[in-house]
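# no sequence on hand, only this structure:
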């Protein structure tokens, strides 16, 4: 599973190019299987194939019954890809009874790109076709128009397309912030339950993620509202009509934090550690951007080339309340240093350590 254009089909073509393929984005294949799901079983048996790829499986959840039967009775191995688990989970169809392993594919991460350019990643986003494009604006606009505003609206069977479009912009303004459902509902002219449903749709379609508040036995009064992040900085930039992001600007700080969240989310899954990512904020405005696991690692992200003591107040407060293995500030300083028990790490060093397995 993964958002559109993360490279799912390309990955499967490289790994399983000799398997039997069914691409449900092809109209003729889709029409044949939607009207006659047993065609899959008949074809696989006739072809005597033991490995089968079905691309965009969420378009026909009914195929899962045939897949289940072929797994049990013929030992066929299936590779299923899709851009949204929502339709499958809500279809009431066969979920393969524990026979399926779920993996997610994210946009590119820094360790996959030789000579990674941070500003390019923040401005263009990390979807492969967007990051590599000299001018991705049209590509991103088309992505938002054809996918976010059309396909997701159709899949979720939303009646008010105009309201959902306004909601996407409001969600972009909320990117990296604690969610105030009441304010967003007022801005969009709908009820709070509707706004909560819209955020759930973004989560179900892998377009965004809610980050929970860390609330394990708090001594201080903490904020309980979740934070929200879109899955890619390029999408947020376009929805907000942001200008060019440069080092040292206010725009840089927000995009930089979102980018680090993207890296952490991908690392949690790709490493198979599956650690929970949360944030911590007290009623007195002390905050730590990301808590990994059960307060194993506390991370503050600062788009600053000189981290001062005032940037450390949230981490220090958290460390007074909880025992942590590591406390880190990710920043744009040129060299690593240590202040007490807090590591100040340049972003390159942090990412090298993260993907090298020495952060968590």
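Great, that's in hand. Because the structure is a prediction, the values reported are computed rather than measured.

# wait, what's in contact with residue 160?
Under the criterion of C-beta atoms under 8 Å, 6 or more residues apart in numbering, the contact partners of residue 160 comprise residue 190. (Each C-beta comes from the backbone N, C-alpha and C, glycine too.)

# quick check: the gap between it and residue 203.
19 Å (C-beta to C-beta, to the nearest Å).

# ramachandran angles for residue 322?
The phi/psi pair for residue 322 (degrees, to the nearest 10) reads phi -130, psi 150.

# try residue 289
As for residue 289, its main-chain torsions (degrees, to the nearest 10) stand at phi -60, psi -50.

# do residue 21 as well
For residue 21, the backbone dihedrals (degrees, to the nearest 10) come out as phi -110, psi 140.

# list the contacts of it.
For residue 21, the contact set (C-beta under 8 Å, 6+ apart) comprises 52, 53, 55.

# buried set for the strand or helix carrying the second one?
This means residue 53. When elements are assigned from DSSP states H and E, residue 53 belongs to strand 51-55. Applying a neighbour-count criterion of 16 or more other C-beta atoms under 10 Å, the buried positions in strand 51-55 are 52, 53, 54, 55.

# what pairs with that strand, and is each one parallel or antiparallel?
The strands beside strand 51-55 in its sheet (DSSP bridges) come out as strand 20-23 (parallel), strand 77-81 (parallel).

# in CSV: the contacts of residue 21, plus distance to residue 15 and pLDDT.
Rendered in CSV, the data for the contacts of residue 21 read as follows (distance: C-beta to C-beta, whole Å; pLDDT from 0 to 100):
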residue, distance to residue 15, pLDDT
52, 13, 97
53, 9, 97
55, 13, 95
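
# let's have these in a markdown table, adding distance to residue 183.
Compiled in a markdown table, the contacts of residue 21 are given as follows (distance: C-beta to C-beta, whole Å):
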| residue | distance to residue 183 |
| --- | --- |
| 52 | 48 |
| 53 | 45 |
| 55 | 40 |
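
# the helix or strand hosting residue 291 pairs with which strands?
Secondary structure here is read from DSSP H and E; on that basis residue 291 sits in strand 287-292. The pairing partners recorded for strand 287-292 under DSSP bridges are strand 277-281 (antiparallel), strand 297-301 (antiparallel).

# gap between residue 30 and residue 56?
9 Å.

# those two: which has the busier surroundings?
Higher neighbour count among residue 30 and residue 56: residue 56, with 21 against 16, using other C-beta atoms under 10 Å.

# can you tell me the closest non-neighbouring residue to that one?
residue 24 (4.2 Å; C-beta to C-beta, 6 or more residues apart in numbering).

# model confidence for the one you found, exactly?
For residue 24, the pLDDT comes out at 95.
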